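*Asks:* pasting a predicted model and its sequence here:
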Amino acid sequence: MFRSSLPRRRAAFTLIELLVVIAIIAILIGLLLPAVQKVREAAARMSCSNNIKQLSLAIINAADTNDGKLPPSVGLYPSGVPAEGNSDGSIFLHILPYIEQGPMFKASFEPAGSGPPLNEDPARNGGFGTYTQWAPAIRDTARPKVYLCPSDASNNGDWNKAIASYGVNGQIFNHVYKDWGRGYKKFPASLRDGTSNTVFSFDKIGYCDVGPYETNYWPDWDPSLTIRTGVPATLQSRPCPSGRPSRIRAITSSINAMVQGPAPSTLQ
C-alpha cells in the first residue's frame, strides 16, 4: 500500500485554546506588575537615601575645608561678615562644589557692584563679589540630580525653578548674617549627641500649593526645619488642593514658626 511521506498537518489552535492562553498571560502580567512596581519603588527609595548620604558627606567636606564651620541653613559662607568670594544663600547653595556641581556654583558669581536684579540684596555681603542665590543660573532652573528624590510624588515634571526634595535640620545649621545671624556651628564639636545620633538632612515634599511658601525652593531658607526643644514634633496628613499629591504633611504648633515651605514627608 502506498503511504504518503509528507508530514501530517497539525490541527490549529481552537478559539477556546487561544482564549485560555490569553487569559493565562493576562493573569501572569497582573501578578508581575505589582512586583515590578515594588522593585521600582525600592530602587527609588534607595536613590533617595543615597542622596541624603551624599548631602551629609558634602556638608562634612564643606566643614572640613573651612576650619570646621558647618555651612548655614541660610546666610553667608565661609565668612560670617561681608567678604569677597562669600556665597549668600541656603546650605544647598554652599555645598554645590562638594556634590560635583562646581560649574553651577561658579555660574552664580556676581562681581562687586552688581545690584538688582542680579543681586537683590547686595548689602548682605557688603557689595563684594558674591556667589548668590539670586543669579539666574541658580534661581530659575537649577535642579541638581542629588536634590531630587525619585519618590517625591509632587514632582510631576512641571517644576520650572530650583525646587528640592530634601530639607536640613535648622537646630544644627544656623542662619548667619552680620547683623541678624547666630553664628556657625562647628563640626563635630557642636554635635552633642554625636554624628550617628544627629539628623543632618531628610526627605521633604518639593511642592504643595498650600500656604505662602508652597515650594521647597532650595537656594533660600525653605529647606530649613527647626523643631522647638522640649516639645515633641507632630506631623499630620493634609491634602494639597488642585490635584497635588495628598501625601504632604502639615506642620503643627510644635514646630517653630520660622519654618517655611512644605513639611517633611519622612525623617531619616
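*Replies:* Looks like it came in fine.

*Asks:* secondary structure element for residue 63?
*Replies:* Per DSSP states H and E: residue 63 is located in helix 15-65.

*Asks:* quick one: name whatever helix or strand follows that helix.
*Replies:* Downstream of helix 15-65 (by DSSP H and E), the next one is strand 74-77.

*Asks:* residue contacts, residue 106?
*Replies:* Taking Cβ atoms under 8 Å, 6 or more residues apart in numbering as the contact definition, residue 106 lies against residue 131. Any C-beta I mention is one placed from the backbone N, CA and C, and that applies to glycine too.

*Asks:* quick one: it is in a strand?
*Replies:* No. Residue 106 is assigned helix when assessed by DSSP: H, G, I helix; E, B strand; the rest coil, not a strand.

*Asks:* centre of the chain to the helix holding residue 63, how far?
*Replies:* 19 Å (Cα atoms, centre = their mean, to the nearest Å).

*Asks:* same question, stretch 173-192
*Replies:* Taking the mean of its C-alpha atoms, stretch 173-192 sits 22 Å from the chain's own mean (Cα atoms, centre = their mean).

*Asks:* go ahead and name everything in contact with that stretch.
*Replies:* Residues from elsewhere that reach stretch 173-192 (Cβ under 8 Å, 6+ apart): 60, 63-64, 68-77, 80-82, 91, 124, 172, 194-195, 198, 221, 224.

*Asks:* what mean pLDDT does stretch 100-119 have?
*Replies:* Mean per-residue pLDDT for stretch 100-119: 81.

*Asks:* same deal with stretch 128-141?
*Replies:* 86.

*Asks:* now that stretch: buried residues?
*Replies:* Within stretch 128-141, the residues that count as buried by 16 or more other Cβ atoms under 10 Å are 128-135, 137-139.

*Asks:* now which of the contacts of stretch 173-192 would you call buried?
*Replies:* Using 16+ other Cβ under 10 Å as the burial test, these include 60, 63, 69-77, 80, 82, 91, 124, 172, 221, 224 as buried.

*Asks:* all strands of the protein, in order?
*Replies:* Counting by DSSP state E, the chain has strands at residues 74-77, 86-90, 109-110, 130-132, 166-169, 175-176, 201-203, 224-225, 235-237, 249-251.

*Asks:* need those strands in JSON lines with distance to residue 151, can you?
*Replies:* Formatted as JSON lines, the strands of the chain follow (distance: least, Cβ to Cβ, whole Å):
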{"stretch": "strand 74-77", "distance to residue 151": "26"}
{"stretch": "strand 86-90", "distance to residue 151": "22"}
{"stretch": "strand 109-110", "distance to residue 151": "34"}
{"stretch": "strand 130-132", "distance to residue 151": "30"}
{"stretch": "strand 166-169", "distance to residue 151": "12"}
{"stretch": "strand 175-176", "distance to residue 151": "29"}
{"stretch": "strand 201-203", "distance to residue 151": "8"}
{"stretch": "strand 224-225", "distance to residue 151": "19"}
{"stretch": "strand 235-237", "distance to residue 151": "17"}
{"stretch": "strand 249-251", "distance to residue 151": "14"}
